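J.: sequence first, then the predicted structure, then my questions.
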Amino acid sequence: MNDQLELRDLIYFQRIATLGHVGKAAEQLHKTQPALTGSIRRLERTLNTRLFEKDGRNIQLTAAGKLLLQRSQSILASVQDVAEEIKELESGEKGQVKLGLVPTAAHHILLPIIHILTRDFPNIQLKTVIGQTDFLYEKLRERELDLVIGLYGELDDNFECVPFYQDTMVVVANSSHDIFKEDISLARLVNFKWILAPSSVMSRQWLDRAFDLHGFSKPEVQIETNLLLMIPSVIMKTELLSFISRRNLESVDTSKKHLKEVPIAELSMDRFYNVISRREGYLSPAAKCLRDIFIQQGRRIFDGN
């Protein structure tokens with residue numbers, strides 16, 4: 001079977017399966033329809049099973065076809081990794097690294113990392129994408145990113161995760177907020193409005209669960225935004241509460257209203273920043289170099305030392 005299963009056939013199969021139409025696949029691949037049909041027939045003979053079935057004018061995968069699509073993606077990705085690894089065998093620490101970062105990580109470590117690369121590794125090119133953890137994981141899974149600096153969540157089994165920095169999320173308000181004029185409790189927090197990240201963000205989910213576990217309704221969110229780095233400025237100029245990194249408490253603005261932690265132990269959440277890569281995926285020498293910088297120097301960089 002190994003002699004008969006050709007990579008070219010898997011490539012054609014993958015495109016047909018994705019589009020659900022032989023004609024459209026032929027147009028994209030610049031091949032004739034008979035050539036693609038013959039490719040599918042070779043695969044079906046080799047595997048002794050049908051891979052497609054009619055669905056009106058289109059076709060859809062059988063159960064065997066769905067399994068082959070899943071496996072073929074891994075096979076073709078591995079082949080691509082081998083080609084890249086051989087090509088870059090002698091390249092050393094140079095080339096482009098595609099790095100994804102969650103907003104807080106980007107705020108604290110992106111400039112120091114750029115400084116290190118331009119000073120010590122001038123042949124490494126860095127392309128960055130800033131986004132929420134779920135978005136970055138999807139880009140990593142699709143091989144559009146080499147590394148992700150993200151927060152621990154429900155990680156894919158195919159990801160390798162190395163923690164390098166611990167952070168704490170706390171409730172915050174501006175220093176003159178009414179919350180500080182009386183005894184602070186969870187029950188009182190329910191009476192105020194909040195600005196929070198979207199419900200897809202891990203810290204927001206944790207906060208909602210914490211209120212629920214203690215028998216209170218979820219925070220009343222007046223403003224929801226994925227521009228997380230904007231939140232501290234909004235808190236300082238409004239009476240809204242929020243849930244952000246303790247590291248952001250140093251921020252001030254011209255109104256002289258400082259951010260201040262609302263001290264309540266039930267709503268203190270420890271979290272870890274991690275450097276994340278595909279477990280079986282190929283990492284170029286440049287990507288390995290950047291990963292090692294985060295692992296070895298990430299804590300010092302985060303702390304601004």
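T.: Sure, I can see it.
J.: can you show me the helices along the chain?
T.: 7-19, 22-29, 33-47, 63-87, 103-120, 133-141, 186-189, 202-213, 231-237, 285-302 (DSSP state H).
J.: of all the ones you listed, which lies closest to residue 172?
T.: Minimum separation from residue 172 across the helices of the chain (C-beta to C-beta) falls at helix 231-237, 6.0 Å. To be clear about C-beta, it is placed using only N, CA and C from the backbone, and glycine gets the same treatment.
J.: ends of stretch 115-125, what's the gap?
T.: End-to-end span of stretch 115-125 (C-alpha to C-alpha, to the nearest Å): 12 Å.
J.: of the helices of the chain, which shows the lowest average pLDDT?
T.: Among the helices of the chain, helix 63-87 has the lowest mean pLDDT, at a mean of 72.
J.: just to revisit the earlier point, using a markdown table, lay out the helices of the chain together with mean neighbour count.
T.: Converted to a markdown table, the helices of the chain look like this (neighbours: other C-beta atoms under 10 Å):
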| stretch | mean neighbour count |
| --- | --- |
| helix 7-19 | 18 |
| helix 22-29 | 16 |
| helix 33-47 | 16 |
| helix 63-87 | 14 |
| helix 103-120 | 17 |
| helix 133-141 | 18 |
| helix 186-189 | 15 |
| helix 202-213 | 16 |
| helix 231-237 | 19 |
| helix 285-302 | 18 |
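J.: who wins for proximity to residue 169 among these?
T.: Closest to residue 169 of the helices of the chain is helix 202-213 (C-beta to C-beta; 5.3 Å).
J.: any idea how far the closest one is from the chain center?
T.: Computed by C-alpha atoms, centre = their mean, to the nearest Å, the chain-centroid distance of helix 202-213 equals 20 Å.
J.: got a list of contacts for that helix?
T.: Contact with helix 202-213 is made by 133, 151, 153, 169, 186, 190, 196-199, 217-219, 243, 266-267, 269, 271, as judged by C-beta atoms under 8 Å, 6 or more residues apart in numbering.
J.: try it again at 6 Å.
T.: 151, 153, 169, 196-197, 218, 243, 267, 269 (C-beta atoms under 6 Å, 6 or more residues apart in numbering).
J.: same check on stretch 119-135?
T.: Residues contacting stretch 119-135 (C-beta under 6 Å, 6+ apart): 93-94, 96-103, 106, 117, 150-151, 153, 200-201, 286.
J.: same check, this time on stretch 139-158
T.: 97-102, 105, 133, 136, 161, 202, 271-272, 274-279, 287, 291.
J.: just to revisit the earlier point, mark which of the contacts of stretch 119-135 are buried, thanks.
T.: 93, 97-103, 106, 117, 150-151, 201, 286 (16 or more other C-beta atoms under 10 Å).
J.: need the max-distance pair from those.
T.: The most widely separated members of those, counting by C-beta to C-beta, are 93 and 201 (34.3 Å).
J.: before we move on, back to that, let me know the closest of the buried ones among the contacts of stretch 119-135 to residue 25.
T.: residue 98 (27.8 Å).
J.: on that earlier part again, including pLDDT and distance to residue 143, could the contacts of helix 202-213 go into TSV?
T.: Converted to TSV, the contacts of helix 202-213 look like this (pLDDT from 0 to 100; distance: C-beta to C-beta, whole Å):
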residue	pLDDT	distance to residue 143
151	82	21
153	57	20
169	92	31
196	95	32
197	90	27
218	92	37
243	95	33
267	94	38
269	93	31
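J.: show me the two of those that sit farthest apart.
T.: Taking C-beta to C-beta as the measure, the contacts of helix 202-213 span a maximum distance of 20.6 Å, between 151 and 218.
J.: burial of the closest residue to residue 96 other than its chain neighbours, as a residue count?
T.: Nearest residue to residue 96, sequence neighbours excluded (C-beta to C-beta, 6 or more residues apart in numbering): residue 125, at 4.2 Å. By other C-beta atoms under 10 Å, 13 other residues sit near residue 125.
J.: between the contacts of helix 202-213, which is closest to residue 71?
T.: Among the contacts of helix 202-213, and counting by C-beta to C-beta, the member closest to residue 71 is residue 153, at 26.5 Å.
J.: do you know how far residue 41 is from residue 231?
T.: 58 Å (C-beta to C-beta, to the nearest Å).
J.: okay, now residue 148: neighbour count?
T.: Neighbourhood size, residue 148 [other C-beta under 10 Å]: 27.
J.: partner residues bridging it?
T.: residue 100, residue 276 (DSSP bridges).
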